[in-house]
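A.B. asks: Output the structure for:
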Amino acid sequence: MILFPAVDIQGGRAVRLRQGDFDRATVFDDDPEAAARAWRDQGAQALHLVDLDGARSGRLVNFELVERVAAELDVPVQFGGGVRERDALARVAASAVRWVVLGTAAVTSSDLLDAAVETLGERLVVGVDCADGLVATHGWQRRSTMSAARFVHELGRLGVRRIVYTDVSRDGMLGGPDLAGLVQLAAATPLELVASGGISTLSDLRLLRRRAPANVVGAIVGRALYEGAFTVPEALEALA
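C.D. replies: Below you'll find the model as predicted:
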């Protein structure tokens with residue numbers, strides 16, 4: 001199972017939001033590149049970078065920084081935030097980013113989703129961000145009327161192979177992941193899943209490793225690492 005330390009970028013700084021609320025951001029590092037390098041130096045085998053400004057505005061805002069991290073660090077980078085137009089899709093596809101997460105556009109733009117499947121292939125990951133069982137969009141600021149299960153079924157039909165599942169209500173809250181929802185969703189689809197949101201202890205990671213079906217292939221961890229609840233090596237051991 002892959003550990004993805006998260007670097008969420010807002011205003012050029014590494015931050016973490018609480019429940020996706022842009023007004024409840026905690027700044028953890030004024031230099032996101034340094035934060036990414038620190039996780040790499042601790043042994044991280046992959047990174048998860050998010051352009052929060054991009055997710056909110058619908059355009060790439062901090063992608064130059066992401067490009068530098070992906071090109072300079074010798075670990076694969078998973079990136080999301082602001083990929084809602086074909087020119088943005090082309091730019092990220094041409095970069096050194098390993099996985100590209102399509103969020104809002106996967107719900108609102110079937111044409112762009114089709115283009116992403118064709119252009120990115122296995123590099124494409126779709127963010128399934130949920131609140132009360134319904135898919136959230138626009139940087140988690142809006143709620144759709146589509147259930148996670150229905151959305152994931154449709155993604156599989158279109159050729160998507162991997163999703164990131166996030167319970168927005170738990171993200172950044174350190175209250176534990178939505179393990180029941182994750183297991184239920186994983187059992188209902190052959191798609192690969194990456195768990196995100198709420199992981200706060202090594203016990204959370206160990207429980208995820210024990211209970212999650214085989215198609216749960218990774219976990220994104222943010223605030224718990226920044227606040228020192230555990231280290232990257234400890235997390236890697238817990239997931240091994």
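A.B. asks: Go through stretch 37-52 and flag the buried ones.
C.D. replies: 37-40, 44, 46-52 (16 or more other C-beta atoms under 10 Å). C-beta coordinates here come from the backbone N, C-alpha and C atoms, glycine included.
A.B. asks: Give me the subset of these that lies in strands.
C.D. replies: Those of those mapping onto strands are 47-51, per DSSP state E.
A.B. asks: Tell me who's in contact with the closest residue to Ala90 other than its chain neighbours.
C.D. replies: Closest residue to Ala90 apart from its sequence neighbours, by C-beta to C-beta, 6 or more residues apart in numbering: Thr119 at 7.6 Å. Residues near Thr119 by C-beta atoms under 8 Å, 6 or more residues apart in numbering: 89-90, 93.
A.B. asks: Can you report how many residues neighbour Ala94?
C.D. replies: 10 (other C-beta atoms under 10 Å).
A.B. asks: now swap in Asp87 and tell me
C.D. replies: By other C-beta under 10 Å, neighbour count at Asp87 equals 9.
A.B. asks: where along this protein do the strands fall?
C.D. replies: Going by DSSP E, the chain shows strands at 2-10, 13-18, 21-29, 47-51, 77-80, 99-102, 124-131, 134-137, 142-147, 162-167, 192-196, 216-221.
A.B. asks: If you average pLDDT over each of those, which is lowest?
C.D. replies: For the strands of the chain, the bottom mean pLDDT is recorded on strand 142-147, which sits at a mean of 62.
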